Structure formats: structure tokens, C-alpha cells
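Enquirer: Sequence below, structure please.
(chains A, B, C and D, ligands or ions: 4)
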Amino acid sequence: MAEITLVEAVNLALARAMAEDENVVVFGEDVGVNGGVFRATVGLQARFGAERVLDTPLNEAMIAGIAIGMAAQGLRPVAEIQFTGFIYPTIDQIINHAGRLRNRTRGRLSCPMVLRSPMGGGIHAPEHHSESPEALFTHMPGIRVVIPSSPARAYGLLLAAIRDPDPVIFLEPTRLYRALKEEVEDSGEALPLDVCYPLREGHDVTLVSWGAMVRDALAAADELAGQGIAAEVIDVATLKPLDMGTILASVEKTGRCVIVHEAPLTSGFGAEIAAQLAEQGLLFLLAPVRRVAGYDTVIPLARLEHAYLPNAARIVAEVRSLMEYA
Amino acid sequence: MAEITLVEAVNLALARAMAEDENVVVFGEDVGVNGGVFRATVGLQARFGAERVLDTPLNEAMIAGIAIGMAAQGLRPVAEIQFTGFIYPTIDQIINHAGRLRNRTRGRLSCPMVLRSPMGGGIHAPEHHSESPEALFTHMPGIRVVIPSSPARAYGLLLAAIRDPDPVIFLEPTRLYRALKEEVEDSGEALPLDVCYPLREGHDVTLVSWGAMVRDALAAADELAGQGIAAEVIDVATLKPLDMGTILASVEKTGRCVIVHEAPLTSGFGAEIAAQLAEQGLLFLLAPVRRVAGYDTVIPLARLEHAYLPNAARIVAEVRSLMEYA
Amino acid sequence: MTVVAHFDVELIRYLDAAGHPCAELPPLGHDRERLTALYRSMVLTRTFDAKAIAMQRTGRLGTYASALGQEAIGVAVGSAMRAEDVLLPSYREAAAQLTRGVKMEELLLYWGGDERGMNFAGPREDFPICVPIGTQFTHAAGVATAFKLRRQPRVAVAVGGDGATSQGDFYGALNLAGVWRLPVVFVINNNQWAISVPRRLQTGAETIAQKAIAAGIRGVQVDGNDVIALIEVLGEALARARRGEGATLVEALTYRLSDHTTADDASRYRDADEVEARRQEEPVVRLRRYLHGRGWWSAEDEEALKTECSAAVEAAVARYEALPPPAPTDMFDHLYATLPAAYRAQRAALAAGGRHG
Amino acid sequence: MTVVAHFDVELIRYLDAAGHPCAELPPLGHDRERLTALYRSMVLTRTFDAKAIAMQRTGRLGTYASALGQEAIGVAVGSAMRAEDVLLPSYREAAAQLTRGVKMEELLLYWGGDERGMNFAGPREDFPICVPIGTQFTHAAGVATAFKLRRQPRVAVAVGGDGATSQGDFYGALNLAGVWRLPVVFVINNNQWAISVPRRLQTGAETIAQKAIAAGIRGVQVDGNDVIALIEVLGEALARARRGEGATLVEALTYRLSDHTTADDASRYRDADEVEARRQEEPVVRLRRYLHGRGWWSAEDEEALKTECSAAVEAAVARYEALPPPAPTDMFDHLYATLPAAYRAQRAALAAGGRHG
Ligand SMILES: Cc1ncc(C[n+]2csc(CCOP(=O)(O)OP(=O)(O)O)c2C)c(N)n1
Ligand SMILES: Cc1ncc(C[n+]2csc(CCOP(=O)(O)OP(=O)(O)O)c2C)c(N)n1
Ligand SMILES: [Mg+2]
Ligand SMILES: [Mg+2]
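Expert: Ligands and ions are numbered 1, 2, ... in the order given. Next up is the predicted model:
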């Protein structure tokens, strides 16, 4: 069992899925010979052929559209959008078609597709390469939204996404692509798509996060532990549908919750979690629900992105202010 | 002073803005000779000429894109998207360009455009003609999102939107287009773009809504009054930026809040309001914050849409259950 | 200055507006059986269409998009395709859907505001009606990609209007079809109007067929009111696609004799004179004249067919109206393969009559 | 069968790869002053480019997209346009931006990850670099619409790559430019690659110029390594647009001699041999050979120019590096004309070092 990075885990899951099921087809811009700009699809074309690993022309709306046609025919298309800053032209196809093909034909046709895309900031990338648009997708009926934050979860969740009979938006935090290594067994075992992943136990506060921010939440928890504050950390991982039960159970125990995400605050997915807490957690909340999020502005270019991105220090400060409520 | 409908008020504001400022240009599909499929632009081409009221080819992404180019040149483009079900292809242009042109040129260029579109269900329209995507836009930095719910607010807010120096998404509830008449003076007076509009006072519960649902909230308030429950009703109207102060002040008084919207529950804009209440209202909330919203599914075709849409009865039931907390 | 590429765009027509041959007829022109069958389909579509409009007027149906004057295109598409091909229709192609085997009551159900209409008994793999204009072309390219990868001799056929050709999705699909040599046929029902926008405001291109050139695929213009020409052109396009010779864009020239939909009033934006002039070219009368000229169709045949079509339509209407209403919970029951736990409380609340979980 | 439309696509070239005239030269070919000025701009761009790459390698700049081998296109675009025209560049057109008057330190600032770079002192109405591929074409159509409505004799010029021509926005913009007869020129830097995707996998069309046919506008192919041909073709396209005669699509044939960007390693997907072969056709050497052949350019001139360009670039780098860093609050201060009240607490928190309001 080898220690691999998150992007290697993505690659491993893709290869596994392709080997297992000849209906799995991978395509997008530069996914073929080049193996993807982040190397997520490296080696796949050599192994599975140019008919199953296809470089498309440069047109994201088209990529999403053909995925729908292919999926309706029973293929398992796994399309890559090179960066989430370029995922917006696919929204029409996702919301108007992918998420409702099954419903609008009352089950006659379906759309088992996966749309993968690297997300998020922190890698000093060019403009439009650091976006976190997950909240938009969580508002769209009929789809799933998944964001792994470790190599093992990337492997297991991607396998699950590919095998799932409905459309899945699978967003991969670029900042974590090579940031950590983990032992991942190529077991072919998928992880469940509708649960949150508690990563650390604690009884003082619940830190809820996903994607690259999970690492900062864990770092904050370490630091807080040093200050005698025990933080529970939950990786939401599958944002839609949301496993609110796990979060509620934790907050019921801790009485405090800080939600951490990189996307802008307003109408970020943190709002949905906080709203559900306001609805179902009022009786056990000891303190206000706080969101540590990106600011309500455009994520800056490289020189200022560190000032925009939430970090452990901001999380710690927020938790400490919540500890004053009791 | 004439009693006019909401769609007539839109038309009046457009005519006023065009007469006042020769930079205002109206365009979209069927807005010219036909005057728009809902007649919102009727008479404008005859009055202001085919150079300022233009029928475009059928391409929504292009419509948004040219609006940006025109706005950067100092025109005041007011583009129509025929139904919000077809607004999704514009999202790329709105989020990647309209909302950030000023920021990414550090003020050198700007984008004073308005994107108008009829929204919402309840008129037994064909598929894809009943969408409520406002929440998506509220997550996008650098823009404004406005939804009028009366003829007077349609007039005043649309004038404000056109005169505003930044991009505004202006969504018009089709269900209200002809549902009510109101005296509207063609005074040229704009309404403020960053305040909520309290419509009814009450001390037991705050009903927060926007668009077509405001009418249902008012009907619910009427019914509740008959049951001895005094509901305050707030029309959010300008969703982004949000005037949370008005909502907080009301909920501080009432201790209870029900948010009502037509869009699917998960990550609807109600989540943001509820989240802010969870953050800032915990100390005065007497009861859980509730959202009466569209279900997390695709809004059904005509025969089932009534079962999907929130209504006064659902609001009343929710409020009554909240009254049990005290 | 060197000429590096060169293109011609051709128009195919066999019958003129009066139903007289204006070119040497292909075998189909001499095939009484096939031509009368095509004629029957066209008349059935027109009868269905008239009934649907009448039902909308009396509140028994929602908004409906008539195919009046454009029936030849859909009938030709449906007839030229094989059962195993896949159709991806716009909202104006009742003719194609009916010819493919979708039942009239299923179409009524859809236009009556009921999703069950698109769960038609057959052809099961055809796409549902596409309302977001132009998106169907990309789906067709995807379906064709599946055929190609699986080496199946099948063809995807997408139909859209002249307005649809302005969409980026139209171009994106054609371009992919060109570079991947996909088995797909793109059919444009060029009825000269996109609601109130005339063809000349839709594009500066002289023809829509020439848009194929941008994608490196075949493009051809055909008289869309001449069912013989349509079947020939579509048959060839399908055969080529099936043989692996790539995609074709077929521009079928016709005219929208009706309002855009029942929600539209075309008199606001176009001349009655124009409509009258174009009515002289319509496909049903044209074919009838030809059949009549050949001695293949009599006044009695016509009378009998009309009675037959009306009876068929009325029977379908009766079946449509007899269907029990949908259950509100249907809106959850086909959203995902299995409704996720997160939404079960909502479904339960809906079933119980309204409150969220 | 009637031919209803007919099209030719032409290629314009004056200098062959060796710098020898291969067609009768236009007056520009005999204009020593203009040609040496163009040459100087090309060499300056190349010097800047090499410096930018070197700076990226040593961490003094972010990802950078080199124009190596494609300098003639940008220089021709910048030279053929008038000051009052508007340029809408992709990320690979430093040559065009510099020629239009953007300062080297401003471009460095942008590529160094600082939005202030796109607030260049001039040309103030030019668009910032466009990263989302293809969107700039629609913006150009919008800018051109403004020019047309205001009856200003100005032209919008958008530049994109061969890959960009696959986008729906490219087609949507061309189609609108055709039907509205807009004063816009679409320039395609066809450098044969879109990152790792070769031109032949991007489209089945034989040429990119022929994509104009779909929109009913002029399309022309030009040798993009021949600055004389470029200036001629662009000059004519601009003049037509300015006279109200509509849009042109210019396909400039060239080759990306560099990696896609500093983040790319092209050896993964393309042959060194191909690159070497195409290097023989590159524009700077080609023009130098021509100038040399005319006796207009000596080895000393070359030496002097190199020194001059290096000095200019180094001075720009010094100015870039001397600039004080941006303030974090800049991210709020240009978001709206006036920061709405709703976001002021966030700005304050940011200013105070992090906590949300
Ligand atoms: C993406 C999108 N935009 C707008 C509409 C609204 N709309 C419905 S039909 C129509 C005109 C379509 O014209 P055309 O493509 O020529 O088809 P026709 O209706 O004439 O058959 C428009 C604008 C839509 N359905 N989809
Ligand atoms: C909409 C969009 N999709 C994807 C990308 C990522 N990307 C950057 S450059 C590039 C290739 C562009 O090729 P081409 O248009 O030929 O221009 P070139 O880089 O060769 O100048 C891609 C896919 C992007 N910037 N924008
Ligand atoms: Mg049409
Ligand atoms: Mg290129």
C-alpha cells in the first residue's frame, strides 16, 4: 500500500473505474496525451486508448452537453473542466438538463455523469483559476456535490461518484493536490456519498468545513487544543445531499459551531448549514453560529490571496470569541 | 396618476430611463416590434428607434457579453433574458466579467448594466419557464440582485438599477406582472437599492420574503391577524447587498422569523438570512428560524406546480407552530 | 493571394409549390405506397395540431407550439430514421415524434403540464422535448459519441429552429461532430421566424446550411415543404453518418404559418400578406396535388383520411383526459434513482399536504 | 440541385520563411522606416518575453504565457489600430498591448499577481487581459455596438487563439457582428496548439478563416509570421470596419515555439522536431533577413537594438519591483463604485487583520 497524493488518488480511482467498467469514458481539455494540466488523468490514454480518454475542443458548455448525451446512452462519462473558473458555462446544462433528465422523463432516461474540476485558491494561479463555486451547485436539484479533502476520501468518493446513477459535481481542491500523502489501498471500495466525515473529536466547539479549509480547521483544532479548547472537526465532503444529522449531533454535544469555507460569505454553503442550525439547533446552541469564509469580493490575484483566504488564525480567533458564551 | 400593473411599471421605468439618458439601450430576444413576450418593452422601439431597442439573435451568453462591452464604453445597457430558465448561460459572463470588471481594472473600467428577466412559477408556463435562480446571483461578488414585488417598487427599483454604476440582476415575478394594480407616478424618482421594505407591522413574528411570495406572506399575515397573531412582513426587494439591519431589528422585536421563498430550500437565499440570524440573532430569537420554500426538486410542470409553490396556508401553519415557543 | 479553400452550398428540391416536379424525381417520387403513407402522417399531424390548439383555447391544454406548414420536416425525419436511431427534438416537432411512435396522448400529457408525457412507451431512447434552445445539439453529439465508441450503426438526429442556430451550443456541437466525425444529423427547421425575430435579423449568413462550413461538416439546403426532397436529403445524411462518413447539417426551408405558440399573436409583428403568400407553398397541399396529379389520391381518399385522423385524434384525447392525475410526490420520486435521506422529510411533508420536515 | 452560395478562402503572404518576397510587395514592403519600427517592436517583445520567463523561473513573477514566435501578430495588431480603437486581448498578446502603449511594468505587475497591472495608464479604454477563453469576442461585439450606435469611426479588435474558436462565445460574437454589421475585427492567433491539443483536434474545418462564413462576415487567412502581410490584412479589415462595411475574421497562421505557459512542459505532448521545423519560419528572423537583404539592417544595428531593448526591459523590471505592495483592502475598494454598507464590516475586519464583521 503506497502513500500517494490527492491528485494521484484521483488518478488511481479513474484508472480503477475504467478498468472495472468499460462504460467509463474520460474526456475534457488536455486530459489525453498531456494527462491533464494537474496530471490527474496521466497515463489513462496510454492504458485505455484514445477512444475512452478523449481530448475535446475548447468548449465547456459542449463538454457538459455531450456528457449528458453519453450518460443517457448508458455510458459513465467523467468529464474534466480544467479549472472551476471555467465551469460556469456548464451550469445551464447541469441545472436545465443533467439534474432533471431523470425527473422530466419520469425515470425513462437518466444521467450518470461526473463533472470533475480542480477548485479553490492558494496556489498562486493566474486570474480566474482560484474559484470556489460549490454553493451554486448545492442549490441545483437532482445532482450531488462532492469535495474530497484527503487522498483516501478522493479515491473512495470519486469511485462512488462514478458508480452513482445520478450526476455528480466533483470538485478537487488544488491546494491539496500535492500537499499531503496518505496510504491509499486500491481496493475498489467506494465511500458513502451521503455522510459527513468526522475527523477529530472534541466537546467544546464543532468546526465544519470542506475542501482545502479542512486542513486549516485541523490546524486550528491543534492550536486550540494547546489552549485547552477541544474542537471537533467535521469534513462535510458530500455537500449535496447534506448529512445534517452528523453535524447536528456534534453541535448538540459542543453547543458551538464555526463553519469554514473559502468561497465568499454571502450565500456560501455555510449559510445552508447555519440556517439548518438556526432551525434545528436553537435549543442546544450556546453561542452564535459563526462562518469564517472568503470575503464578499473577488478572490484576489496571487499577491493578496493570502489576505482573502480563511486560515487557522482566523478560525482560532472566532472560536475563542465563542468560548466566551457558556 | 394612473393605476398600473407591475409589467406596465417596468415599461414606464424603461421609457423614463431612455428618455432621460440617451446612453440607455434596451435589447434582447423579441423586445423590439413585439415589445417582449410579456409586453415589458412594448412601444419602446416605436418611440426610441431600432438603434436603441434592439432584437438580438437567440443567444443569451452573447447578450450578456455584449452588455459588458457596451457598459464598458459608458452605455447603460438594459438586456432582457426572456425567462430566467434561460439565464444560466449568462452566469459565466456575470460572475467572470460583469461583477469584476471594475475590480480587476482597479476602477479603470466599469460595468453599469442591468440584466432583466421574468422569474418564478405559478403561471402554468411550459417547462423551464418557472425558475427562481436568485440565490445563485446573490453569491456573486460585485453585483446587485433586485426583485420587486409591487408596481411602485418595480418602477422605483428599476430606475435605480439602470442609474446604478454597477451591474444589477433585476428579476421580475411573472406571477405579479398583472396580478395587482397600484398608483405609480412617473416621477423619475428611484428607490434606494440597499434597503428592505417593511410592508406591515406586527410584534409576534417576522415574515421575510421577496418576489411573488410577498403576496402570500401578506395573505398569511391577514389570516394570522384573524387568529390574533400579529405578523410583520418585510419585502427584502434588494437581496444583494442585503439590508440585514431592518430584518434584525424586526426579529429583535418579534423573536420569531419565517423566511418565504419559491426557490428550492437548500442554499436558497433564505439560508443566508437564516444564517445571519443564527449569527446575530441568537440572543433574541424565541423560536427556531423557519424557511417555507420550494422543495428540493425541480419545479413541476403546470399540473403539480401548485403543490410545489409555498402558499399562505403553509406560512400560517409554520407561524402557528412557532407560536408554541415563547 | 492563394485560394486555400472553396465551398458551394446546394439546394435540393423536387416538387415546386404547385406540386409539379421541377427536377428528375428519385425512386421515392414513383413510390405510391410510401408517398401516400407520408401524406397520411402529415395530415394526421395537422389534425393533431389543430386539436391541440383548440384544446388550449378552451383550457384543456397548456401553451402549445404548432407545426402548421412545417409538417413535412418532422414526418420526413421520423420516416427516414431507423427505430434504433435517437431523435432529439425541439418543441415544434410533434410530426417527428408521432412518426417515431410517440403516442398522441403522451404529447398531450406533456403539453397539458404533466411530466409523464415524456415517459413515452416508445421510442424509449429518444430524448424528451428540448425547450432550452440549442442545448439538444450537444446532447445529440454526446449520443452520437456513445454510438461511435460502441461501434453501433446508429445515428443521432437533433432538430432545432433557425433561431437555434445562433446559440453557441449549436456551433459547439457541430464543431465537435466535425472533428470527431460523429454519426449525427443536425436538422434545422428554418421557418423564417424565431418568435418575432425574422431570419434576416438572426444571422448575416446567406444560408443556414453554410454554417456547416465552420465545423468542416457537410451542409445542405433542402426545400422543407417538399417531402420527397427531405427524405432524399435526410436519407443520404443518415446513410453517410451510419457508414462513418460524418455529420451533416440539413437546412430545411419552410415557413411558420401559425403563431409562435398559443401564447403568441404573430399579427403584432408580421404581415398577413407574407403569411398568405407563404401559405401557397405549404407541404400538405403540395404533396396532395402531386398525388392527385399521379392519380393516386382522390377526393374520397381525402375525406376518408380526414375522418380517420379525426377519429384517431379524438380517441387519443379521450385517453389523455381519462388518465388519473399525477401524485404530488411524483416530483420527488424520479429526482434521483433513490431519494437521498436528506430529502425524505420534504417528500413526507408534501405527501402530508405541505409542511417542510 | 442548385448552388445557392459559394465561398473562397484566401491566404495572404508576402515574405517567405527565408525573408524573400513571394508576391508583389505592397508599399509597406518598401517603407524602411515603418518596417524597422515594426522590427524594433518585435524584438522588444521578445526581449520582454524572455525576461518574464526568467523572472518566473526565479520566483519573481507568476505563471506567464510567452508569445515566442508569434510576436508579429501582436505588433501588427497594435500598429494597425488607431489610438481611439479598443483592443480586447487574450493573455498571449503582450506584443499588442506593448505596441498600444501599455507599459512593461504594468504587464509585469499583472503577471506578478497584482490587479493594478490592468489599471494601465494607457490606452485607458482597452480591455484587460482576458483569461476565460472566448468571452472577449462578445465584449468586442458590445464595444463595437457602442461605437456604431454613437456613430464613432472606431473599431474593436479582439484577439484569441485557435482553441478559442471552438467556444460558443466566439461564434455568438461573429454571428452578431455579421447581422449587425459591427465595426469589429476578430484576430485569431492560430499557433497550432491549445495547450496540448493540436489544431487538428480542435476543429474539422480546413481553415479557421472559413468559420467567418457561418456568420456571413469576411474571413481571411494570413501568414502570421509575415508582418507585412499582417499589416496589410489588418489594415484593410480595420478600414472596412471603420467605413461601416462590417466585420472581418483574420486567421493568422503561426506557431507557438514556447511551452503553453511557464506552468507547462510541451515536451510531454509534442515533438521537438516539429518545433525545430517551425522555428525556421519564425517572424523576427524572417523580417531581419528581409531588412538585411534590403541593406536596411546591419549586425551593428542588431547589437545596438538588443542592448537598447535589454536596458528598457531592465528599467521596467526595476520600476515593477520598486512598486509598494498592494493594500489588502484594495480587494474591496474597487468592487463597487461605493462599497455597500453590507460589506463595510468585512472590509474593516480585513483592515484589522482578519475577523469578519
Ligand atoms: C435558450 C432559450 N432562450 C429563449 C427561449 C424562448 N424561446 C422559445 S422559442 C423561441 C424562438 C425559437 O425560434 P426558432 O429556433 O427559430 O424555432 P421556432 O420556434 O421558430 O421553431 C424563443 C426565443 C428558449 N426556449 N430557450
Ligand atoms: C474558458 C476557458 N477554458 C479553459 C481555459 C484554460 N486554458 C488556458 S489557455 C488554454 C488553451 C488555449 O488555446 P488557444 O485558444 O489556442 O490559445 P493559445 O494559448 O494557444 O494562445 C486553456 C484550455 C481557459 N483559460 N478558459
Ligand atoms: Mg424558427
Ligand atoms: Mg493556440
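Enquirer: where does the stretch 101-250 of chain C come near ligand 3, residue by residue?
Expert: Counting by CB under 5 Å from the ion, the residues of the stretch 101-250 of chain C close to ligand 3 are C:161, C:162, C:191, C:194. (C-beta placed from N, C-alpha, C; glycine too.)
Enquirer: Redo those residues as JSON lines? Include secondary structure.
Expert: As requested, those are arranged in JSON lines below (DSSP: H, G, I helix; E, B strand; the rest coil):
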{"residue": "C:161", "secondary structure": "strand"}
{"residue": "C:162", "secondary structure": "coil"}
{"residue": "C:191", "secondary structure": "coil"}
{"residue": "C:194", "secondary structure": "strand"}
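Enquirer: Name only those of those residues that count as buried.
Expert: Neighbour counting by 16 or more other CB atoms under 10 Å in any protein chain shown classes C:161, C:162, C:191, C:194 among these as buried.
Enquirer: Let me know the closest of these to residue C:306.
Expert: residue C:191 (24.6 Å; CB to CB).
Enquirer: returning to that earlier point: CSV for the residues of the stretch 101-250 of chain C next to ligand 3, including pLDDT?
Expert: Shown next, in CSV, are those (pLDDT from 0 to 100):
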residue, pLDDT
C:161, 98
C:162, 98
C:191, 98
C:194, 98
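Enquirer: Kindly identify which of the residues you listed also come near chain A.
Expert: Filtering those for proximity to chain A by CB under 8 Å from any CB of the partner chain leaves nothing.
Enquirer: the strands in the chain, which residues?
Expert: You didn't pick a chain, so chain A it is. Secondary structure of chain A (DSSP state E): strands located at A:2-4, A:24-28, A:53-55, A:76-80, A:114-119, A:144-146, A:168-173, A:182-184, A:197-200, A:205-209, A:231-235, A:238-240, A:257-264, A:290-294.
Enquirer: right idea, wrong chain: chain C
Expert: Using DSSP E, the strands of chain C run over C:2-12, C:86-88, C:156-161, C:184-190, C:193-194, C:197-198, C:218-223, C:248-253.
Enquirer: Next, give me the two most distant ones among the residues of the stretch 101-250 of chain C next to ligand 3.
Expert: The distance between the two most remote of those (CB to CB) is 8.7 Å, for C:191 and C:194.
Enquirer: residue ranges with poor pLDDT in chain C?
Expert: In the predicted model of chain C, residues C:354-357 satisfy pLDDT under 70.
Enquirer: hmm, back to that, which residues are in contact with each of residue C:191 and residue C:194?
Expert: Taking CB atoms under 8 Å, 6 or more residues apart in numbering or on different chains as the contact rule, the neighbours common to residue C:191 and residue C:194 are C:161, C:162.
Enquirer: Nearest to residue B:293, out of the strands of chain C?
Expert: Between residue B:293 and those, the shortest separation by CB to CB is 33.1 Å, and it involves strand C:86-88.
Enquirer: Quick one: list the elements packing against that closest one.
Expert: helix C:94-100, helix C:135-149, strand C:156-161 (3 or more CB pairs under 8 Å, 6 or more residues apart in numbering or on different chains; DSSP states H and E).
Enquirer: Pick the most deeply packed of these.
Expert: Highest mean neighbour count of the helices and strands packed on strand C:86-88: strand C:156-161, a mean of 30 (counted as mean count of other CB atoms under 10 Å in any protein chain shown).
Enquirer: quick one: stretch A:156-171 near chain B?
Expert: No. Applying CB under 8 Å from any CB, one finds stretch A:156-171 out of contact with chain B, separated by at least 12.8 Å.
Enquirer: model confidence over that stretch, on average?
Expert: Here stretch A:156-171 scores 98 as its mean pLDDT.
Enquirer: Next, the buried residues of that stretch.
Expert: Buried positions in stretch A:156-171, judged by neighbour count with 16+ other CB under 10 Å: A:156-164, A:166-171.
Enquirer: closest point of the stretch 51-200 of chain C to ligand 3, which residue?
Expert: Using CB to the ion, the single residue of the stretch 51-200 of chain C nearest to ligand 3 is residue C:161, 3.5 Å away.
Enquirer: Please tell me how far that residue sits from residue C:133.
Expert: Using CB to CB, to the nearest Å, residue C:161 is found at 7 Å from residue C:133.
Enquirer: so what sits against both of the two?
Expert: residue C:90.
Enquirer: With residue D:12 as the reference, measure out to the residue of the stretch 1-150 of chain C found nearest ligand 4.
Expert: The minimum distance from the stretch 1-150 of chain C to ligand 4, using CB to the ion, falls at residue C:4 (19.1 Å). Distance, residue C:4 to residue D:12, using CB to CB: 10 Å.
Enquirer: Next: residue A:58.
Expert: 26 Å.
Enquirer: Same question for residue C:256.
Expert: Residue C:256 sits at a distance of 43 Å from residue D:12 (criterion: CB to CB).
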